[in-house]
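> Structure for the following, please:
(one chain, ligands or ions: 1)
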Amino acid sequence: MLVIGHLKEHIREKVGVAPTEDKIRESCLRWFGHIKRQPFDDLNSTLNKTKWRKKIHAATPRSGIKNTPTPGDVNYSKWQCSSIPYLSVDNFKRDNIYHSIIFKVLQVSESSMEDDDESPPLAVRIDELPEPIQLESSLCSDTSGGNKEEATVGVTVITGYLGAGKSTLINNIINGQHGKRIAVILNEFGEEIGVERAMINEGDGGALVEEWVELANGCVCCTVKHSLVQALEQLVQRKDRIDHILLETTGLADPAPLASVLWLDDQLESAVRLDSIITVVDAKNIRLQLQEYRDSASFPEAFLQIAFADVVILNKVDLFVLENKGGDLITDGLEDLQKEILSINSIASVFQAVRCQIDLHEILDRKAYGANHLAHLEALLEDSKTAPVSSRHDYSVRTLCIYEELPVDLNKVRLWLEDLLWEKKFHMDMYRCKGVLNVHDSNQLHTLQAVREIYEVVPARQWHETEQKMNKIIFNLEMYYLIIIIKIDINKIKSYKFLNP
Ligand SMILES: Nc1nc2c(ncn2[C@@H]2O[C@H](COP(=O)(O)OP(=O)(O)OP(=O)(O)O)[C@@H](O)[C@H]2O)c(=O)[nH]1
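Residues are numbered from 1 along each chain as shown. Model prediction:
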């Protein structure tokens, strides 16, 4: 038997057929991927949805929704770990083994914070609340009215490819004078905790109040949708205190499943409404992403995010501006780019912007789903049901996080980045890099941001006393290059902790 087995493998090798073991492994992985990415609603076939919800609620502590069980925890976790131990290595962070959602509640009035023991548990902690700003504009919704739409909380989904400017837009909104009480939900990789927050919290003593809610096992656009639903359910129970919810997706999210959660979920019906989907586009890099998408099916997320948008913010137009011979500033190609966006989605409103500075009236309370947009959204959702899951994501883009507790030398970090991004020492295409730095001889937390070859390192705020100072840097790049990054680390940074499981 053994000989025959060897012979078979020999013949397989000769004729170029993959070895049996690989085939079995491949089909296991494919099956596993299918289960992991199965939309929550589809779980009906294997699991009664009501029982599922009960399980979630029973296992959820009343004080918050930390450690919320997920399909992975309740049903599949043992199987996952024992059957395919190498899966976590294979799929690495791209399958979002660790994910988090952060809530922030802003501008909640003191008066509305009086004791309210009967009310349901908060998904958010609220303190240090600024006085609400009186509304001067039509942005304020009148929740007292009998209009059903007015009685619901609008959710704006903010999406856009890696580094396009989503957090910049969130910063603009939460610091804007619109008078709305806004909750923000961020979806991140677990290891990104602390990094995205640093990008959004503005300076010292920012007025933001926040609580982290960690959700494990899965990508919010693939498998942790139910956790999003639960988070929204908790938030809308506080709708006397929240006027609007912003949901920032990761740069690698497909908006279809999120839109379908908000559009179709019966539990949320009448409590929240999908107000609009805003897609931030990086004017400098989008053409490359769209071109590669057409050529090789890379960057499908960038394409899908535009297709689903009600509003496209064509951001970073400053990087598109050229100086012609006469010294005048021209925006060569910007109009063509706008046309290209409209060729993907003809009903989107497109606004050009620098640092996402646009009139907030164009973003909040759009109530985008009139007949035209509604038909568009429903058609897209229908299409997305039949699209293979593999077409949703570019699986070659990976996320790597490195940690370093010892303070780093800022000059060395700059040199290291310039080697990577400018000198292209290893011919490496880095899509995105962001992090927080513990800089030698400084009590300021520094943030590092890089989108392709453009980078900045700036002091953001003082380290909090209770905070553990550390360097945490996240990379989005092709898997192939991870080993090079590690080598560079060894050369340029004193030590590192590599969290690849
Ligand atoms: N030059 C220029 N830089 C911008 C503009 N908008 C944002 N940036 C910078 O682009 C970088 C990425 O911006 P973010 O708002 O963090 O992007 P993001 O989409 O939230 O990034 P991810 O969440 O990591 O995908 C930051 O360094 C910003 O300061 C702009 O209009 N012009």
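> Sketch out the low-pLDDT regions of the protein for me.
1-151, 188-226, 264-270, 292-299, 322-331, 370-372, 384-398, 426-428, 478-501 (pLDDT under 70).
> and it, which of its residues are near the ligand?
For the chain, the residues in contact with the ligand (Cβ under 6 Å from any ligand atom) are 160, 162-168, 199, 251, 315-316, 318-319, 354-356, 432, 434, 449, 451, 456. Every residue, glycine included, has its C-beta placed from N, CA and C.
> Show the buried residues in those.
Among the residues of the chain next to the ligand, those that count as buried by neighbour count (16 or more other Cβ atoms under 10 Å) are 160, 162-168, 199, 251, 315-316, 354, 356, 432, 434, 449, 451.
> Let's see which of those residues end up in strands.
Counted as lying in strands by DSSP state E, out of these, are 160, 315, 432, 434, 449, 451.
> The fifth one contacts residue 473, correct?
So that's residue 449. No: assessed by Cβ atoms under 8 Å, residue 449 is found out of contact with residue 473, at 10.7 Å.
> who touches both of these two?
433, 434 (Cβ atoms under 8 Å, 6 or more residues apart in numbering).
> For the ligand, what is the nearest residue in the stretch 251-400 of the chain?
Using Cβ to the nearest ligand atom, the single residue of the stretch 251-400 of the chain nearest to the ligand is residue 251, 3.1 Å away.
> Number of residues surrounding residue 342?
Counted with other Cβ atoms under 10 Å, residues neighbouring residue 342 total 14.
> CA atoms only for the strand or helix carrying it, dumped as PDB, please.
Using DSSP states H and E, the element containing residue 342 is helix 334-344. What follows is helix 334-344 as a C-alpha-only set of coordinates in PDB (Å, rounded to 0.1, in the frame of the first residue of the first chain):
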ATOM      1  CA  LEU A 334      -9.000  65.200 -11.400                       C
ATOM      2  CA  GLU A 335     -12.100  65.600 -13.600                       C
ATOM      3  CA  ASP A 336     -11.300  62.400 -15.400                       C
ATOM      4  CA  LEU A 337     -11.000  60.700 -12.100                       C
ATOM      5  CA  GLN A 338     -14.300  62.000 -11.000                       C
ATOM      6  CA  LYS A 339     -15.800  60.600 -14.300                       C
ATOM      7  CA  GLU A 340     -14.200  57.200 -13.600                       C
ATOM      8  CA  ILE A 341     -15.900  57.200 -10.100                       C
ATOM      9  CA  LEU A 342     -19.200  58.100 -11.700                       C
ATOM     10  CA  SER A 343     -18.700  55.300 -14.200                       C
ATOM     11  CA  ILE A 344     -18.700  52.800 -11.300                       C
END
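> Past it, which element shows up next along the chain?
Following helix 334-344 in sequence order, the next helix or strand is strand 349-352 (DSSP H and E).
> buried ones in that next one?
For strand 349-352, a neighbour-count test (16+ other Cβ under 10 Å) marks 350, 351, 352 as buried.
> Make a markdown table out of these and add distance to residue 302.
As requested, the buried residues of strand 349-352 are exported to a markdown table (distance: Cβ to Cβ, whole Å):
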| residue | distance to residue 302 |
| --- | --- |
| 350 | 15 |
| 351 | 18 |
| 352 | 18 |
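> ok, those residues vs residue 275, which is closest?
Within the buried residues of strand 349-352, proximity to residue 275 (Cβ to Cβ) peaks at residue 351, which comes in at 16.6 Å.
> how about the nearest residue to that closest one, chain neighbours excluded?
Excluding the flanking residues, the one nearest residue 351 by Cβ to Cβ, 6 or more residues apart in numbering is residue 358, at 5.0 Å.
> Now the stretch 401-501 of the chain against the ligand: closest residue?
Closest to the ligand within the stretch 401-501 of the chain is residue 449: 3.3 Å, counting by Cβ to the nearest ligand atom.
> Note down every partner strand of the longest strand seen in the chain and its orientation.
For the chain, the strand reaching the highest residue count under DSSP E is reported as strand 272-282. Its sheet considered, strand 272-282 pairs with strand 153-160 (parallel), strand 311-315 (parallel) by DSSP bridges.
> Near the residue nearest to residue 435 when sequence neighbours are not counted, how many other residues are there?
Of all residues not flanking residue 435 in the chain, residue 473 sits nearest, at 3.4 Å (Cβ to Cβ, 6+ apart). By the criterion of other Cβ under 10 Å, residue 473 has 25 neighbours.
> Next one: residue 473 from residue 363, what distance?
Residue 473 sits 31 Å away from residue 363, going by Cβ to Cβ, to the nearest Å.
> ok, now residue 410?
According to Cβ to Cβ, residue 410 and residue 363 sit 36 Å apart.
> Show me which of the two is the more surrounded one.
Using other Cβ under 10 Å as the criterion, residue 410 and residue 363 rank with residue 363 on top: 25 against 17.
> Can you tell me the closest non-neighbouring residue to that one?
Nearest non-adjacent residue to residue 363, counting by Cβ to Cβ, 6+ apart: residue 278, 5.9 Å away.
> try residue 474
residue 401 (4.9 Å).
> Where does the one you found sit: helix, strand or coil?
With DSSP: H, G, I helix; E, B strand; the rest coil as the basis, the three-state label of residue 401 is strand.
> For burial, what's the neighbour tally of it?
Neighbour count of residue 401, defined by other Cβ under 10 Å: 21.
> just the one 3 residues further on next, same as before
Burial measure for residue 404: 20 neighbouring residues, criterion other Cβ under 10 Å.
> now swap in the one 3 residues further on and tell me
Other residues lying near residue 407 total 16 when counted by other Cβ under 10 Å.
> wait, doesn't it sit right on residue 443?
No: counting by Cβ under 8 Å, residue 407 stays clear of residue 443, with 10.6 Å between them.
> Regarding the nearest residue in space to residue 235 that is not next to it in sequence, which helix or strand does it belong to?
Closest residue to residue 235 apart from its sequence neighbours, by Cβ to Cβ, 6+ apart: residue 183 at 5.4 Å. Using DSSP H and E, the element containing residue 183 is strand 182-189.
> Convert that strand to PDB, retaining C-alpha atoms only.
Output in PDB follows, covering the C-alpha atoms of strand 182-189 (Å, rounded to 0.1, in the frame of the first residue of the first chain):
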ATOM      1  CA  ILE A 182     -23.000  61.200  18.100                       C
ATOM      2  CA  ALA A 183     -21.900  57.600  18.800                       C
ATOM      3  CA  VAL A 184     -19.000  56.300  16.800                       C
ATOM      4  CA  ILE A 185     -18.400  52.600  16.200                       C
ATOM      5  CA  LEU A 186     -14.900  51.700  14.900                       C
ATOM      6  CA  ASN A 187     -14.100  48.300  13.600                       C
ATOM      7  CA  GLU A 188     -10.500  47.300  13.800                       C
ATOM      8  CA  PHE A 189      -8.100  44.400  14.100                       C
END
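> Paired strands for that strand, with orientation please.
Sheet pairing for strand 182-189, using DSSP bridges, gives strand 98-105 (antiparallel), strand 244-248 (parallel).
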